[in-house]
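Enquirer: I need the structure of the sequence given here:
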Amino acid sequence: MPRQTPIENVRNIGIMAHIDAGKTTTTERILFYSGYLHKIGAVDDGTAFMDYMAQEKERGITITSAAITAFWKDYKINIIDTPGHVDFTAEVQRSLRVLDGAVAVFCAVGGVEPQSETVWHQADMFKVPRIAYINKMDRMGANFERVLNMMRERLSANPVPVQLPIGASEDFEGIIDLIEMKSLYFDYESEGIDFIVRDIPKEYLEIATKYRALLVEAAVESDDELMMKYLEGIEITVDEIKKGMRLNTLASKCIPVFTGSSLKNTGVQPLIDGVIDYLPSPKDIGVYEGFADLDTDEKVKRKANDDEPLSALAFKIVSDQFVDKLTFIRIYSGVLKLGSAVWNENSGKREKIGKIFKMYSNKREEVTEAYAGDIVAIPNLRLTKTGDTLCDEKHHILYEKISFAEPVINQAIEARTLADRDKLLDVLNKYEEEDPTFKFKNDEESGQIIISGVGELHLEIIVDRLKREYSIPVRVGKPQVYYRETISGTAKREGRFEKSVSGKNQFGQVTLSMLPGESGKGFVVESKLAENLLPKTFLPQMEKGIIEALQMGPHGYPMIDVKVIIEDVVYEQSLANELFFKIACSIATKECLRDASPILLEPIFLLEVVSPEEYVGDVISDISSRRGKIEGIYQQNTMQNIKATAPLSELFGYVTKLRSLSQGRASYTMVFSHYEPAVIKNQFSW
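Expert: Below you'll find the predicted structure:
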């Protein structure tokens, strides 16, 4: 079946925001106006099409990113609706890795909230062009200008409004289109399908004229020809403004800003037009860069073209009760055909394509081919993991893997019966494969199973899924901190390993020094050896031995931020053995760890509390009692915003305490910040 939509008419976008900013509600309206849905679902009622998990329907939040395809005019839009809760940031991260553009949704009342910042910086990391949508203009306290200022201050962004709201809160009536210089009023009876175009109200004409001038100035900056035309006083046309703003958006020089109220069906259709007008197609991205293979820095490129060799990235794996598992892939180049074989560059193995699904949230449509720019799901890929590259066997390419946050919280878990325990371990294996931020450890000696995640809600959802999806009754302990280890001193030790092989005494002997590494840099291994002292194959194996020995510290926790220097070796060609040098490095590393003053580190979280003013004193006092440090307090409409840092170990159950202190009127968010030397408490109490 030939391609139905030209690649320049394809948009791969993500909807991203802080929790409760209206991402899923906005996506629901996009699907309704594009004709995919015939009835609008509601998040609060548990009827939203994109929130298909039972836990999502109950809690009214998005937990897992869901993919769907919509058609608007002559364009095909592949949409991924991402979670807004900080515990599920990995879902946003892996979605942004494969998307070409994004819609950042901001609440007109809350503005730029903590998770808004997190996902914004993730989009910066992947160089994803964005447009912004200031939602909920109908809510009490909505303030369009304040959100623009917060975007400038907190995100270092350059927001350029292409729309203005007419009124705010209960007076919100419609929007002003600054490009066409017209006002739009959306019809309540038709759920916003129909809208009336009128002249701009007189009381808004001055401010609209001011903002349009700023819009034109931003547009002409992208093109010398437009700039000359503007300086000569020649009027810039609507098409030229759109062209200029598109160029600026693709270059991430500015953020076109839209506004409306998705819940009130106001402003979503112009937002979809904005996706088409300003966000890139795969053809706009043009070239995707990767490595020739696992063991080289040589770069290779693929064009976003069906005629190129196949290349794709697996970015998400989902456990599925019908087909075991589904692997979501983004195709960057070439055509994926049913029944073909693809090469997994990471595992060095071949995978067979038995079926290809287009996904519509949790529904699927089987297709025979998928093309460059498509996002599809493949069932039962045996060897493919999150972040793996799939490509043509004769034309190798390796795309950069996705890095995820490490777990910071542990919980002991046990099954009721021995039979359930075996089933539990199988399911936990599936969840670990599905979610890169979830880990589990089965201690054979104690029989204890420890699950690890990035937050309390993260582990709570895992346990809930065990009971609902697989009917495994489990008992869980209290959440505990997942510590790290590092060193505070220095050490220098020798490692030697020797053994008789075929009657010949072979050995490896090294001298290593160890010192604290730079924060956040992980493990660094350097060598002071002369360049030709050892064969080329020895040094990589020695580094591998050092890294393996650093995986677990003397107290049984993972090590971080350590620098190791290979100072000297004893090498005799006839007696040297590559494996023995690796083992010698491992021995020397462990000796150094014991002598370099190892210390435990605990995770410190950034805490942001929004509270009515009358409770601020109690909130600050409570944070201080939790070893928290107040970073600042500032006004947010009628509320006070308190920023602080506190150890994760002191924040378990904080939501209950905060509700009690504020009569349920305060809210908070927390996100991992850094590690500090730990204050130890008892672990794994039931």
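Enquirer: how about the residue positioned nearest the centre of the chain, what does it touch?
Expert: Among the residues of the chain, the one closest to the centroid is residue 93, at 1.6 Å (C-alpha atoms, centre = their mean). By C-beta atoms under 8 Å, 6 or more residues apart in numbering, the contact set of residue 93 is 122, 402, 404. The C-beta positions use only the backbone N, C-alpha and C, and glycine is treated the same way.
Enquirer: Could you check which helix or strand contains it?
Expert: helix 89-98 (DSSP states H and E).
Enquirer: for this protein, where's the lowest mean pLDDT among helices and strands?
Expert: Lowest by mean pLDDT, DSSP states H and E among the helices and strands of the chain is helix 54-59, with a mean of 55.
Enquirer: Mind listing the strands the next helix or strand after that helix pairs with, and their directions?
Expert: Using DSSP H and E, the next helix or strand after helix 54-59 towards the C-terminus is strand 66-72. Paired neighbours of strand 66-72 in the sheet (DSSP bridges): strand 75-81 (antiparallel).
Enquirer: what's next to the partner strand, contact-wise?
Expert: Strand 75-81 has contacts (C-beta under 8 Å, 6+ apart) with 4-5, 9-15, 23-24, 27, 30, 34, 50, 62, 65-71, 95, 99, 272, 275-276, 373-375.
Enquirer: Selecting buried members of those residues in ChimeraX, what would you type?
Expert: Restricted to buried positions by 16 or more other C-beta atoms under 10 Å, the ChimeraX selection for the contacts of strand 75-81 reads:
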select :5,9,10,11,12,13,14,15,23,24,27,30,34,50,62,65,66,67,68,69,70,95,99,272,275,276,373,374,375
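Enquirer: Could you export the helix or strand hosting residue 441 as CSV, CA atoms only?
Expert: According to DSSP H and E, residue 441 maps onto strand 439-442. The C-alpha atoms that make up strand 439-442 are tabulated as CSV, following Å, rounded to 0.1, in the frame of the first residue of the first chain:
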residue,chain,number,x,y,z
LYS,A,439,14.3,-1.8,39.1
PHE,A,440,13.9,-4.8,41.3
LYS,A,441,16.4,-7.0,43.2
ASN,A,442,15.8,-10.6,44.3
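Enquirer: name the helices or strands packed onto the longest strand seen in the chain?
Expert: Secondary structure of the chain per DSSP state E: the longest strand is strand 598-612. When contacts are defined as 3 or more C-beta pairs under 8 Å, 6 or more residues apart in numbering; DSSP states H and E, strand 598-612 packs onto strand 484-487, helix 616-625, strand 639-647, helix 654-662, strand 667-677.
Enquirer: Recalculate using a threshold of 10 Å.
Expert: Packing partners of strand 598-612 (3 or more C-beta pairs under 10 Å, 6 or more residues apart in numbering; DSSP states H and E): helix 114-125, strand 480-481, strand 484-487, helix 616-625, strand 629-636, strand 639-647, helix 654-662, strand 667-677.
Enquirer: mind putting the ones you listed in CSV, distance to residue 551 and mean neighbour count included?
Expert: Converted to CSV, these look like this (distance: least, C-beta to C-beta, whole Å; neighbours: other C-beta atoms under 10 Å):
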stretch, distance to residue 551, mean neighbour count
helix 114-125, 26, 20
strand 480-481, 19, 22
strand 484-487, 11, 22
helix 616-625, 35, 16
strand 629-636, 32, 12
strand 639-647, 24, 20
helix 654-662, 32, 16
strand 667-677, 17, 17
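Enquirer: Can you say which of those is nearest to residue 429?
Expert: When the helices and strands packed on strand 598-612 are ranked by proximity to residue 429, the top entry is strand 480-481, at 21.9 Å, counting by C-beta to C-beta.
Enquirer: Now do the contacts for residue 316.
Expert: By C-beta atoms under 10 Å, 6 or more residues apart in numbering, the contact set of residue 316 is 64-65, 67, 80, 90-91, 94-95, 97-98, 326-330, 375, 377, 386-387, 402, 434-436.
Enquirer: repeat for residue 197
Expert: Residue 197 is in contact with 174, 177, 180, 182, 183, 184, 185, counting by C-beta under 10 Å, 6+ apart.
Enquirer: Now the helix or strand harbouring it - C-alpha only, CSV.
Expert: Following DSSP H and E, one finds residue 197 within strand 195-198. As requested, the backbone C-alpha atoms of strand 195-198 are provided in CSV (Å, rounded to 0.1, in the frame of the first residue of the first chain):
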residue,chain,number,x,y,z
PHE,A,195,-17.0,29.9,15.6
ILE,A,196,-17.8,33.4,14.6
VAL,A,197,-15.2,35.8,13.2
ARG,A,198,-15.6,39.4,14.1
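Enquirer: Could you list the buried residues of that strand?
Expert: Buried residues in strand 195-198, counting neighbours by 16+ other C-beta under 10 Å, are found at residue 195.
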